[in-house]
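Undergrad: Quick one: sequence plus predicted model below, questions after.
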Amino acid sequence: MNNRTKLLIISAVIIMITTTIFAQNAPIDFEAGGYGANWTWAVFENATNPPLQIIANPDPTGANTSATVAQFTAMQTGQPWAGTESQHGADIGMFNLDATNCTITIMVWKPVISDVGIKLVKPDSWALPEIKVSNTVTNAWEELTFDFTSHIESGYDQIVVFPDFNLDGRTQDNVCYFDNITFSPQGDPPAGPATPAPTPTYNANDVISLFSNAYTNVPVDTWSAEWDNANVSDVQIDGDDVKLYTGLTFAGIEFTSSTIDASGMSYFHMDFWTPDPTAAPAIFKIKLVDFGADGVWGNDDVEHEIEFDETTLATESWVSFNIPLTDFTGLTTTSHIAQLIISGDPNTVYIDNVFFFDGEVGIDEQVNMPIGSLSNNYPNPFNPLTNISFSITEPGQVLLEVYNLKGQWVDTLVNSHKTANTYNVSWNADTATSGVYFYRLSLNDRVIDTKKMILLK
């Protein structure tokens with residue numbers, strides 16, 4: 001055997017080893033000859049820790065027709081974060097998370113509505129926080145999708161599943177089933193705003209801008225710090241530069257090398273847009289951190305965080321925040337502001353026009369809110385009952401009507417004066433025929449939104 005042949009063999013072995021080490025054993029289907037059924041699953045924080053069982057599918061007629069699945073009994077006396085984990089150094093194998101495998105799906109069957117959590121862990125037990133997604137149906141199989149683009153790292157070797165993550169506690173033992181855990185490429189980018197945020201018109205001499213096409217921006221070290229849990233990219237909306245955050249849990253924007261003296265400013269401004277649901281319990285938080293007189297982290301730092309909920313946020317609409325700096329009550333100094341931290345439940349967020357400014361704004365301008373929002377009905381498809389949630393930000397005459405595909409009126413669900421609040425109504429379509437319907441929300445004759453629902457009988 002000549003040296004060239006030996007070299008080729010050695011190279012091939014290295015490639016095989018590398019492929020073996022850095023490709024997770026998936027899908028986890030719990031089938032004979034597949035992955036998961038013969039793994040060493042440990043159960044933790046679950047009272048007596050009943051073991052994970054691999055059993056025949058209790059509901060093979062639904063969305064999941066697999067022969068075998070995993071059964072996890074979440075004990076009433078167990079911790080809200082009780083779960084099960086594969087074995088380090090075996091089972092799922094050593095793998096990297098990247099754009100080719102960062103969308104994780106799992107089939108679940110649960111008797112309750114609660115979060116399902118998934119965490120990936122390294123051999124030294126290092127891990128980013130679990131990602132949680134709630135099931136939306138009970139006593140039926142449902143596929144949940146987890147966006148792990150914010151967790152892209154090398155060298156994972158363990159998967160942890162929290163089938164019934166409920167911080168409110170359990171009222172009983174909940175027998176949950178899960179199956180078919182897959183790792184897939186990153187999906188298409190989320191649909192973004194069709195139009196840019198309103199162009200700010202404040203005098204440039206009264207503005208300290210971090211990010212805006214309308215002004216000259218000061219230096220920003222990073223729009224996604226090493227310690228945060230988010231991904232950021234630069235996109236354009238009709239020629240306007242915008243920051244897009246995906247997989248957002250919390251994002252650190254730092255300008256520590258050149259802190260901002262905002263002592264002469266009156267307001268902090270930010271434009272916000274999300275395609276995600278903004279009804280409760282969704283929240284979005286804005287925190288400012290001042291490094292104090294020494295201008296470095298620690299010692300005399302001060303900070304304050306302001307939280308926005310469904311009364312302010314909106315789905316698929318630009319929301320402009322004009323926040324008086326005096327509202328950041330814990331921010332007792334503003335001469336060395338070094339960090340801006342955004343966080344919350346909307347996991348996909350577009351941000352524009354981030355700046356401090358001095359001036360006067362009216363009360364109505366402090367948060368430029370839409371007059372209301374309309375949520376997707378649940379369940380959808382449905383038969384014959386479905387629930388519709390909507391919010392209005394000012395009092396007035398509310399009209400919520402149902403129409404068929406031809407635009408013909410079918411039913412009126414609300415026609416009355418309402419105060420600013422969030423409301424839930426039900427539609428009983430017992431006398432309607434199967435098909436596609438539209439429901440439209442108006443406030444004081446101004447249409448807020450129209451959405452589609454499907455009746456299947």
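TA: Looks like it came in fine. Numbering: from 1, shown residues only.
Undergrad: Scan the protein for its longest strand.
TA: Of all the elements of type strand in the chain, the one with the most residues (DSSP state E) is strand 240-254.
Undergrad: how about it: buried residues?
TA: 240, 242-254 (16 or more other Cβ atoms under 10 Å). Just so you know, the C-beta spots here come from the backbone N, C-alpha and C atoms, and that holds for glycine as well.
Undergrad: and the two most separated of these?
TA: 240 and 249 (26.2 Å; Cβ to Cβ).
Undergrad: Listing partners with orientation, what would you give for the next helix or strand after the longest strand of the chain?
TA: Once strand 240-254 ends, the next helix or strand along the chain (criterion: DSSP states H and E) is strand 267-273. Neighbouring strands of strand 267-273 in its sheet, by DSSP bridges, are strand 319-324 (antiparallel), strand 349-357 (antiparallel).
Undergrad: ok so, going back, okay if I get the buried residues of strand 240-254 as TSV plus pLDDT and distance to residue 381?
TA: What follows is these, written out as TSV (pLDDT from 0 to 100; distance: Cβ to Cβ, whole Å):
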residue	pLDDT	distance to residue 381
240	93	38
242	96	34
243	96	36
244	93	31
245	92	32
246	86	28
247	80	29
248	88	30
249	86	31
250	90	35
251	93	36
252	94	41
253	97	41
254	96	46
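Undergrad: quick one, helices of the stretch 351-457 of the chain?
TA: Ranges of helices in the stretch 351-457 of the chain, per DSSP state H, counting those that start in this stretch, are 363-366.
Undergrad: Which of the helices or strands spans the residue most central in space within the chain?
TA: Centroid-nearest residue in the chain: residue 347, 3.0 Å away (criterion: Cα atoms, centre = their mean). Taking DSSP H and E as the definition, one finds residue 347 inside no helix or strand.
Undergrad: how many other residues sit next to the closest residue to residue 140 other than its chain neighbours?
TA: Residue nearest to residue 140 in three dimensions, not counting chain neighbours: residue 62, with 5.4 Å by Cβ to Cβ, 6 or more residues apart in numbering. Using other Cβ atoms under 10 Å, residue 62 has 15 neighbouring residues.
Undergrad: what's the distance between the residue nearest to the centre of the chain and residue 339?
TA: 21 Å (Cβ to Cβ, to the nearest Å).
Undergrad: now residue 169
TA: Counting by Cβ to Cβ, the gap between residue 169 and residue 339 amounts to 35 Å.
Undergrad: what's residue 256 in contact with, if anything?
TA: For residue 256, the contacting residues are 221, 291, 296, 297, 338, 339, by Cβ atoms under 8 Å, 6 or more residues apart in numbering.
Undergrad: quick one: pLDDT of it?
TA: For residue 256, the pLDDT comes out at 93.
Undergrad: what's the burial count for residue 233?
TA: Using other Cβ under 10 Å, the number of residues around residue 233 comes to 12.
Undergrad: so it sits in a strand?
TA: Yes. Assignment of residue 233 by DSSP: H, G, I helix; E, B strand; the rest coil places it within a strand.
Undergrad: Test my guess that it contacts residue 247.
TA: No. Using Cβ atoms under 8 Å, residue 233 is not in contact with residue 247; the gap is 11.1 Å.
Undergrad: Dump the C-alpha coordinates for stretch 344-352 into PDB.
TA: Provided in PDB are the C-alpha atoms of stretch 344-352 (Å, rounded to 0.1, in the frame of the first residue of the first chain):
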ATOM      1  CA  GLY A 344     -40.000  39.400  26.200                       C
ATOM      2  CA  ASP A 345     -42.500  37.000  24.700                       C
ATOM      3  CA  PRO A 346     -42.700  38.100  21.000                       C
ATOM      4  CA  ASN A 347     -39.800  36.100  19.700                       C
ATOM      5  CA  THR A 348     -39.600  37.800  16.300                       C
ATOM      6  CA  VAL A 349     -39.300  41.600  16.600                       C
ATOM      7  CA  TYR A 350     -38.400  44.400  14.100                       C
ATOM      8  CA  ILE A 351     -36.800  47.400  15.700                       C
ATOM      9  CA  ASP A 352     -36.200  50.900  14.100                       C
END
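Undergrad: And the strands in the stretch 301-450 of the chain?
TA: For the stretch 301-450 of the chain, strands defined by DSSP state E, counting those that start in this stretch occupy the ranges 302-308, 319-324, 337-344, 349-357, 367-368, 372-374, 385-392, 396-404, 409-418, 421-428, 435-443, 446-455.
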